[in-house]
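Q: Following is a predicted model, sequence given first.
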Amino acid sequence: EISMIRNENYWGKKAFFKRYIRKTVEEWTTRKLMLENGDADWAYVPVEYYGEMDKVSGLTVYKKLPSVQVEGFMFVYTISEDSPFVGSGKLDGAGIPLDFFSDSNVRKAFTYCFNWDVYIQQVMQGNAVQPDSPIVKGISYYNPNIPKYSFDTAKATEVFKAAWGGQVWEKGFTMTMAYNAGNTSRKTACDILAANINALNPKFHVTSAAQQWTSYNAQWRKYLLPVFNCGWLPDYTDAHNYIVPFMASYGAFARFQGIPRSEESRGGK
């Protein structure tokens, strides 16, 4: 926890409280009880638990407030050889090669294996929409007519069979996806994706593992995670602050995914 005490000698208007305490409480039930019992004035409530809080007396609940946050799975094109999440590090059934996701067929197959309807309706309780690009509704240049991927096991099977010249389907692969501990919606997203991939071929072995946030943050910056689940809240609500992080070769996520920069981007263009 972090505790801050009011500065009685501050030159301006004093804060109306004497002490502020911020606690990290990863387990949801504990956070909920603290809020209900008055031990916390504010608590982070995962979207999947919104329904529970509707029934708690004494709370002010605001619903259906639009958000400009974007969540997604990020594929790492050049995984570090020090990664503990790639098994053997080879395409031999016991691991994945470090450039596994450089094949677009692998990336497409993973995308076709995610069940959007289950995630949005059952996990997020309808409090989310499937994005069709990094630019969300309400931001300049938003286009609702961009085609979207859908959950399609037949298509996933087709592109998995084409991946790496057929070797992925023939040999299988083993890898681990990670998420930050305490984020139950990201955990469930990883579990949904892993289960649907594994159901396609008995040679596919994808698991998920919780990581403490400090470790998780450091791991993707060091290219240790083959796939990481992360969100983006903009610095300013303009399309530029969505396109660059997600789609520019010099953007934040491109850097953490190990996507090579073009010569133009190296020059800052």
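A: Yep, it's here.
Q: Please count neighbours and contacts with C-alpha atoms only from this point.
A: Fine.
Q: Hmm, Phe110 and Thr157 touching each other?
A: No - judged on Cα atoms under 8 Å, Thr157 makes no contact with Phe110 at a distance of 10.0 Å.
Q: Which residue of these two possesses the greater neighbour count?
A: More neighbours surround Phe110 than the other of Thr157 and Phe110, with 23 against 19 (other Cα atoms under 10 Å).
Q: show me the contacts for that one.
A: Counting by Cα atoms under 8 Å, 6 or more residues apart in numbering, Phe110 touches 156, 193, 197.
Q: Please apply the same query to Thr78.
A: Counting by Cα under 8 Å, 6+ apart, Thr78 touches 98-102, 223, 257-259.
Q: Report the mean confidence score over stretch 187-194.
A: Computed over stretch 187-194, the mean pLDDT rounds to 96.
Q: just how off-centre is that stretch within its chain?
A: 10 Å (Cα atoms, centre = their mean, to the nearest Å).
Q: Just the C-alphas of that stretch, formatted as CSV.
A: These are the backbone C-alpha positions of stretch 187-194, laid out as CSV (Å, rounded to 0.1, in the frame of the first residue of the first chain):
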residue,chain,number,x,y,z
LYS,A,187,-7.6,-14.4,-17.8
THR,A,188,-10.9,-15.6,-19.2
ALA,A,189,-10.0,-14.2,-22.7
CYS,A,190,-6.8,-16.2,-22.6
ASP,A,191,-8.6,-19.3,-21.4
ILE,A,192,-11.2,-19.0,-24.2
LEU,A,193,-8.6,-18.6,-26.9
ALA,A,194,-6.4,-21.4,-25.5
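Q: which residues sit against that stretch?
A: Contacts for stretch 187-194 (Cα under 8 Å, 6+ apart): 110, 113-115, 119, 123, 177-180, 206-208, 210.
Q: Number of residues surrounding Tyr20?
A: Applying other Cα under 10 Å, I find that Tyr20 has 10 neighbouring residues.
Q: Same question for Val159.
A: Neighbours of Val159 using other Cα under 10 Å come to 22.
Q: what's the helix or strand for it?
A: helix 153-162 (DSSP states H and E).
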